[in-house]
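>>> Build me a model from this:
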Amino acid sequence: MPLSDVPLSLLDRAAVRAGSSEAEDLAHVLDRAVRAEALGYHRFWVAEHHAVPGIAGSAPAVLMAALAARTQRLRIGSGGIMLPNHQPLVVAEQAATLEALHPGRIDLGVGRSVGFTAAVRDALRTGKDAADRFGDDLAELLEHLSGTAPVTARPRNHAATPVFVLATGAGVEIAARAGLAVVLGGPALFRQGAGSAVPVLERYRQRFRPSPWWSRPHVLVSANVAVADTRETARELLLPEALALAVSRTRGEFPPLAPVRPAELDRLPGRTRSLVEDALANSVHGTPPEVRARLEQLVADTGADELLVTGGAYDLDARAASDRQLAALFAPRRD
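Numbers count the residues shown, from 1 in each chain. The predicted structure follows:
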């Protein structure tokens, strides 16, 4: 399938940049969405992270409202709202309100992750085992959205908002039974040419049950992507977040994104450097022809219906250029 037939979307986690205020970082998210709409991106999603020093995006529904107000055609969604942190009725009401204000433009992506630390989980009045309730919470949410629950979520939605499940482990099976779209990313996509992800997606497609939200299986593949004039420049664009992720794995805290020179990697502890290299290996970066080839193979391997681009960057100008060059790869070819 040519890339021009694959809808292209962005997920922006509102990463904090060193030397920038969190209010400025949120404003950058709004600016990026406006540019994404002009470039022809299909969806623009935001995420939910609580009390993470390097992430300003804690309230996706609020940020979605601001994004929808600043754009006209771009679909705005959550990637995702974490159900263990919320009552399903409240999530349904938020989605229904957004849908009423911006009809036909709202996506509801939900996940099962819990707070990053014990202190955060306590503040959210939840615990590690809250993720085990995801299937029941999702079923209740769908009842509220469809108007079949004992109480009526208002404004009434009647399944107008498409629902997506951020697939981790059992999430794929739950999405198939509920008849929902799935979002799949991570290392599984890059091991042996996405080979380890294919059986999961095959089970999802085989066990999918049509629903009011989706009549057929629908797969969004997510990946960190960076495009630049040289492979080295594209790699450098990804380095700040790759290092922040490595630090979060070794120290338990995701720091603000800061400039990273390639030579600095040589001075990192062995495990930290290994984690940085793993993050880069589980991404797609390079020149436009290189990225086109890798994404075409990724779509072919997974049968993806859409591509969701993730990843943060310290250099906003370079990220804007990457977004622009990536959009050009998905434009209809004139040859």
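
>>> how about stretch 318-333 as PDB, C-alpha atoms only?
Presented in PDB, the C-alpha positions along stretch 318-333 are these (Å, rounded to 0.1, in the frame of the first residue of the first chain):
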ATOM      1  CA  ALA A 318      14.000  20.800  13.500                       C
ATOM      2  CA  ARG A 319      10.800  19.100  14.700                       C
ATOM      3  CA  ALA A 320       8.600  21.400  12.500                       C
ATOM      4  CA  ALA A 321      10.900  20.600   9.500                       C
ATOM      5  CA  SER A 322      10.500  16.900  10.300                       C
ATOM      6  CA  ASP A 323       6.700  17.200  10.400                       C
ATOM      7  CA  ARG A 324       6.800  19.000   7.100                       C
ATOM      8  CA  GLN A 325       9.000  16.500   5.400                       C
ATOM      9  CA  LEU A 326       7.100  13.600   6.800                       C
ATOM     10  CA  ALA A 327       3.800  15.000   5.500                       C
ATOM     11  CA  ALA A 328       5.300  15.300   2.100                       C
ATOM     12  CA  LEU A 329       6.100  11.600   2.000                       C
ATOM     13  CA  PHE A 330       2.400  10.900   2.500                       C
ATOM     14  CA  ALA A 331       1.100  13.300  -0.100                       C
ATOM     15  CA  PRO A 332      -0.100  11.800  -3.400                       C
ATOM     16  CA  ARG A 333       2.800  11.100  -5.700                       C
END
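
>>> which other residues reach stretch 263-270?
Contacts with stretch 263-270, where a contact means C-beta atoms under 8 Å, 6 or more residues apart in numbering, come from 239, 243, 246, 250, 273, 276. In short, each C-beta sits where N, CA and C put it, glycine included.

>>> Swap in 6 Å and give it another go.
Stretch 263-270 is contacted from outside by residue 273, using C-beta atoms under 6 Å, 6 or more residues apart in numbering.

>>> and what of stretch 231-240?
Residues contacting stretch 231-240 (C-beta under 6 Å, 6+ apart): 226, 228, 257, 260, 283, 285, 286, 313, 314, 318.

>>> Equivalent analysis for stretch 199-210, please.
If you take C-beta under 6 Å, 6+ apart as the criterion, stretch 199-210 is touched by 172, 176, 179, 182, 217.

>>> Next: stretch 25-44.
7-10, 12, 14, 16, 56, 67, 70-71, 74-77, 327.

>>> Narrow the residues you listed to those in helices?
Within these, residues falling in helices by DSSP state H are 67, 70, 327.

>>> Just give the number of residues close to the last one.
Counted by other C-beta atoms under 10 Å, the residues lying close to residue 327 total 19.

>>> following the longest helix along the chain, which helix or strand comes up?
Using DSSP H to define each element, the chain has its longest helix at helix 231-251. On the C-terminal side of helix 231-251, the closest following helix or strand by DSSP states H and E is helix 270-281.

>>> what's the most distant pair in the contacts of stretch 199-210?
The distance between the two most remote of those (C-beta to C-beta) is 13.0 Å, for 172 and 179.

>>> Would you map the strands across the stretch 51-200 of the chain?
Under the criterion DSSP state E, counting those that start in this stretch, the stretch 51-200 of the chain contains strands at 75-82, 106-111, 163-166, 181-184.

>>> Alright, I will stop here.
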